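**Q** build the 3D model from these lines:
(2 chains)
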Number of protein chains: 2
Amino acid sequence: MKTINTIWRRFICTLAADSFTEYRAAAVVIGNEVLSGKTKDTNSNYLARVLFENGVRLTRIETIPDLAEDIIQTVSKLSSSVDYVFTSGGIGPTHDDITYQSICDAFGLTLRTHEPTLAAITVDYTSKGKRLNAAIRRMALLPYPADRIITTPGLWVPTVQCRNVFILPGIPSLFQKMVDSVLKSIDCGSKRLRLSLTILVGESEIADRLANVQKQFPEVEIGSYPKLNPEMPEVCSVQLCFTSTDHYAAKRALAAFQKTLQT
Amino acid sequence: MKTINTIWRRFICTLAADSFTEYRAAAVVIGNEVLSGKTKDTNSNYLARVLFENGVRLTRIETIPDLAEDIIQTVSKLSSSVDYVFTSGGIGPTHDDITYQSICDAFGLTLRTHEPTLAAITVDYTSKGKRLNAAIRRMALLPYPADRIITTPGLWVPTVQCRNVFILPGIPSLFQKMVDSVLKSIDCGSKRLRLSLTILVGESEIADRLANVQKQFPEVEIGSYPKLNPEMPEVCSVQLCFTSTDHYAAKRALAAFQKTLQT
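**A** Residues are numbered from 1 along each chain as shown, chains lettered A, B, ... in the order given. A predicted model of the protein is given here:
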């Protein structure tokens, strides 16, 4: 009986392990304008939200300047430590747009005109009555060989995939559409469930009870986020989040915490 | 005559180098809530803006999870590569607040009750009719020995400085006040001047002219930021920024670019 029980337990463990593949991602925001405070980066928050919704865990965001050395070193490091890297910025036609070239340098690739992209640019510009010049043509110079060129309906600018790196523009409206296209084309993981609870107490009043529930449910990420209201400093509130790929465990952890509030 | 000229040139070069000390900073945003998209990080943008205004160059922002290993590794690396590191988040009373402990682990320090902070907490809590508990007392457990404990008028939570790392809370209203206090207490550099110009053309139409001006003024950072208006896609505009600690050079670079527009 003991042997059967052990085998059965092992089987359950294997099942649980197999049913959950976690994909991990990192973001690289490239831009002096973000580091000097001129521009608020909204791309990383958009990416964070859609990755969460799609079951991919964003483990890191690095915001770096428009410097080749920083791009090469950061992209190389992250490419080998997570499943997917998303870069934002630096793919326009001006001298400060050096992302394609830097990623070529990181991976031993070269820039080469991508004819379908040049054709799409030509259609777009001529339909607007504009003439192509050298700067416009440069935007069709893409890393070669790329692993994939992912197009987005309605846009001529493609998402170039080099290894596990997806190269995206900094303009938020383009970034968002292109991230959505990429997510449709890659493997994602099990979606995490996030349950929230806001209570009108100070964080320190529930800290010990919350720590006990965290110990009981190590598979659930329990986050505690106090809110201060400057107009009513005497009213404390705290938002608690219970997040897990194991949806049942998240619900049980929340219920266990709620039970502690009754005592 | 030639010799004098050479000496004179050298003297000018030395003067220029001495008159400019650039301080460099990095930010570490600690929080699963930012990486899952639940919370928009606003602290790094605030920090970026005030560092720019105070003449400190922000070279990197890293957003990482509430994991000791990530905090230790990131803070250690950045501490040795820039002049100042600012961390945000993870110093409250709950189990997910592990920044103080992690920075102790990074630098071989220990947590010890900081009596002036405990006294300030006691005054604050008792004035609100609240009783101190273990979780509240834990917030006075600060890295020891710290290099400095910087206080901010009206707040009991201090900014702990360990080596060149300033440990700040994630709550934006506190973060902002405390950054302002820190900046009054550290050496800052020469302020950079940023001149902006917005023109109603596509980026590719001015790319070559801009690249030429950049070559003429290597001491000026020239950034080009296209704006798309989804409601009027046929109207292109681009914002150009000319940024430098050499204010005269920034003005000259802008003037040189404006001159190219007349041809």
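**Q** ok, now how distant is A:Tyr84 from A:Ile30?
**A** For A:Tyr84, the distance to A:Ile30 under the criterion C-beta to C-beta, to the nearest Å works out to 17 Å. From N, CA and C alone the C-beta is placed, and that goes for glycine too.
**Q** more crowded one of these two?
**A** Comparing A:Tyr84 with A:Ile30 by neighbour count (other C-beta atoms under 10 Å in any protein chain shown), the higher total belongs to A:Ile30, at 29 against 23.
**Q** okay, now the closest residue to that one other than its chain neighbours: neighbour count?
**A** Spatial nearest neighbour of A:Ile30, excluding adjacent residues (C-beta to C-beta, 6 or more residues apart in numbering or on different chains): A:Gly89 at 4.0 Å. Number of residues near A:Gly89 (other C-beta under 10 Å) recorded here: 29.
**Q** was I right to think A:Gly89 contacts A:Thr99?
**A** Yes. In this structure, A:Gly89 is within contact of A:Thr99 by C-beta atoms under 8 Å, at 6.7 Å.
**Q** get me the contact residues on the stretch 51-200 of chain A for chain B.
**A** Taking C-beta under 8 Å from any C-beta of the partner chain as the contact definition, the stretch 51-200 of chain A meets chain B at A:51-52, A:57-66, A:70, A:92-97, A:128, A:130, A:133-136, A:138-139, A:171, A:173-174, A:192, A:194.
**Q** looking at those residues, which are in strands?
**A** A:57-64, A:194 (DSSP state E).
**Q** let me have the residues you listed in CSV, extended by pLDDT and neighbour count.
**A** Listed next are these as CSV, based on pLDDT from 0 to 100; neighbours: other C-beta atoms under 10 Å in any protein chain shown:
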residue, pLDDT, neighbour count
A:Arg57, 96, 19
A:Leu58, 98, 26
A:Thr59, 98, 20
A:Arg60, 98, 22
A:Ile61, 98, 27
A:Glu62, 98, 23
A:Thr63, 98, 27
A:Ile64, 98, 25
A:Arg194, 93, 18
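**Q** quick one: buried residues of stretch A:154-166?
**A** The neighbour-count check on stretch A:154-166 (16 or more other C-beta atoms under 10 Å in any protein chain shown) flags A:155-166 as buried.
**Q** could you do stretch A:33-52 as well?
**A** Buried residues in stretch A:33-52 (16+ other C-beta under 10 Å): A:33-41, A:43-48, A:50-52.
**Q** quote the end-to-end distance of it.
**A** End-to-end span of stretch A:33-52 (C-alpha to C-alpha, to the nearest Å): 27 Å.
**Q** kindly report the same for stretch A:134-150.
**A** Stretch A:134-150 has an end-to-end distance of 24 Å (C-alpha to C-alpha).
**Q** and the nearest residue in space to A:Glu53 that is not next to it in sequence, its phi and psi?
**A** Once flanking residues are discounted, A:Glu53 sits nearest to A:Lys191: 7.1 Å by C-beta to C-beta, 6+ apart. Per-residue torsions, A:Lys191: phi -70, psi 140 (degrees, to the nearest 10).
**Q** and the one 5 residues further on, by the same measure?
**A** For A:Ser196, the backbone dihedrals are phi -120, psi 150 (criterion: degrees, to the nearest 10).
**Q** low-scoring stretches of the stretch 1-150 of chain A, by residue?
**A** A:1-20 (pLDDT under 70).
**Q** the helices in it, which residues?
**A** A:2-18, A:32-35, A:43-54, A:68-79, A:99-107, A:115-127, A:134-138 (DSSP state H, counting those that start in this stretch).
**Q** comparing those, which comes out most buried?
**A** helix A:32-35 (a mean of 25; mean count of other C-beta atoms under 10 Å in any protein chain shown).
**Q** return the list of helices and strands in contact with that helix.
**A** Packed against helix A:32-35 by the contact rule (3 or more C-beta pairs under 8 Å, 6 or more residues apart in numbering or on different chains; DSSP states H and E) you find strand A:56-64, helix B:43-54, strand B:56-64, strand B:221-227.
**Q** so for A:Leu183, which of the ones you listed sits nearest?
**A** strand A:56-64 (8.0 Å; C-beta to C-beta).
**Q** which residues touch A:Ser76?
**A** A:Ser76 is in contact with A:106-107, counting by C-beta atoms under 8 Å, 6 or more residues apart in numbering or on different chains.
**Q** domain parsing for chain A?
**A** Listed by the TED database, the domain ranges of chain A are A:23-184, A:193-261.
**Q** for B:Ala106, which of those domains is the nearest?
**A** With C-beta to C-beta as the criterion, B:Ala106 lies closest to domain A:23-184 of the domains of chain A, at 17.5 Å.
**Q** that closest one: end-to-end distance?
**A** Length of domain A:23-184, first residue to last, C-alpha to C-alpha: 14 Å.
**Q** again with stretch A:226-235
**A** Stretch A:226-235 end-to-end distance (C-alpha to C-alpha) = 11 Å.
**Q** for B:Ala253, find the nearest of the helices of the stretch 1-150 of chain A.
**A** B:Ala253 lies closest to helix A:32-35 among the helices of the stretch 1-150 of chain A, at 15.0 Å (C-beta to C-beta).
**Q** for that closest one, which outside residues touch it?
**A** A:39-41, A:63-66, A:96, B:45, B:48, B:57-61, B:221, B:223, B:225, B:241, B:243.
**Q** go again using 6 Å as the cut-off
**A** Contacts of helix A:32-35 with the rest of the structure, by C-beta atoms under 6 Å, 6 or more residues apart in numbering or on different chains, involve A:39, A:41, A:63, A:65-66, B:48, B:58, B:223.
**Q** between those residues, which is nearest B:Asn229?
**A** Closest approach between the contacts of helix A:32-35 and B:Asn229, by C-beta to C-beta: A:Thr39, at 16.6 Å.
**Q** what sits against that closest one?
**A** A:Glu33.
**Q** what about 7 Å?
**A** Neighbouring residues of A:Thr39 by C-beta atoms under 7 Å, 6 or more residues apart in numbering or on different chains: A:31, A:33.
**Q** ok, now how distant is it from B:Asn45?
**A** 9 Å.
**Q** before we move on, what about A:Lys128?
**A** When A:Lys128 is compared with B:Asn45 (using C-beta to C-beta), they lie 34 Å apart.
**Q** make sure A:Cys241 is indeed in a helix.
**A** No. Read with DSSP: H, G, I helix; E, B strand; the rest coil, A:Cys241 is strand and lies in no helix.
**Q** count of neighbours near the residue lying closest to it once chain neighbours are set aside?
**A** In space, and not counting its chain neighbours, A:Cys241 is closest to A:Gly223: 4.4 Å by C-beta to C-beta, 6+ apart. Residues within reach of A:Gly223, counting by other C-beta under 10 Å, total 23.
**Q** dump the residue contacts of the residue nearest to A:Lys38 when sequence neighbours are not counted.
**A** Closest residue to A:Lys38 apart from its sequence neighbours, by C-beta to C-beta, 6+ apart: B:Cys241 at 6.7 Å. Neighbouring residues of B:Cys241 by C-beta under 7 Å, 6+ apart: A:38, B:194, B:196, B:223.
**Q** from A:Lys77, how far out is B:Cys241?
**A** 29 Å.
**Q** for A:Ala256, same thing?
**A** Using C-beta to C-beta, A:Ala256 is found at 39 Å from A:Lys77.
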